[in-house]
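quick one: sequence and predicted model below, then my questions.
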Amino acid sequence: MDVEKKQISWGWIVFWCIAFWPVGIYLLVRRMNSDRTATLKNSGTVRTTSLVLMILGVFSVFSAFSSYGTIGTFFYGMLLFALPGILLYIKSQSMKEEGRKFQMYIAIVINQGEKSMEKISRAVGVTIQETREDLEKMIDRGYFPNTYIDAATSEIILPDRKERDMAAYEEEKQKNYRVITCQGCGAKEKIAEGQTKKCEYCGSLLQQ
């Protein structure tokens, strides 16, 4: 049986980002490296955390200039709240942009079946080199299992799904199934009535 590593909850990540940001950022990086849905779905969580930290930083700066404040309060607020808040906000924006591109790649490569780097890059609106780097990153992170980029043809080569589909045909033809769109990445997957499974591309839970 396939046993998955338990993920660090977003609640704990947010807590540590606010309580002690170096630990929070470390946990955030770990979660993003092990969870394919993090980039696609959780930029808003990171952005909200960054705003909370920046607000706390503003309060600390105002306190430093009050009658009870000290220069230490100013640096404390900047170092522990404002600076990590700014860094997390920048990270949330990059996550949002990366997630947008990843969803477009999945729609073009999986749903439309496009293989050509040139055509994919035109559809996404980036250079061929950036397309190659993005797709290699997605392959490394597990978005496209058993996939590689053919340097000779400049195409992304996905595994042939015909054998797998034929093997499951006898079982599936006796069931009611339909094609649904994954809410995490936008890939289209077939799922039988009453069945629950994870998306092959991003790991999100699918249910008819």
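Noted; the coordinates are in hand.

tell me the phi and psi of Phe144?
Phi and psi for Phe144, reported as degrees, to the nearest 10, are phi -120, psi 90.

all numbers from here: first residue = 252
Got it, the first residue is 252 from now on, which makes the last one we talked about Phe395.

quick one: it and Glu387 touch, right?
No: using CB atoms under 8 Å, Phe395 makes no contact with Glu387, being 9.9 Å away. C-beta here means a position set from N, CA and C on the backbone, and glycine is covered the same way.

ok, those two, which is more surrounded?
Phe395 (23 against 15; other CB atoms under 10 Å).

so what's the spatially most central residue of the chain up against?
Residue closest to the average C-alpha location in the chain (CA atoms, centre = their mean): Thr290, at 1.8 Å. Going by CB atoms under 8 Å, 6 or more residues apart in numbering, Thr290 touches 283, 346, 349-350, 353.

show me these that map onto helices.
Among the contacts of Thr290, DSSP state H puts 283, 346, 349-350, 353 in helices.

between the residues you listed, which sits nearest Ala402?
Each of the ones in helices among the contacts of Thr290 was scored against Ala402 by CB to CB, and Phe353 proved nearest at 22.1 Å.

quick one: the closest one and Phe395 touch, right?
No: using CB under 8 Å, Phe353 is not in contact with Phe395, being 10.5 Å away.

what sits in contact with each of these two?
Each of Met389 lies in contact with both Phe353 and Phe395 under the rule CB under 8 Å, 6+ apart.

so where is this protein shaky, pLDDT-wise?
Along the chain, the model assigns pLDDT under 70 to residues 252-257, 284-285, 315, 317-325, 411-427, 459.

great, nothing more from me.
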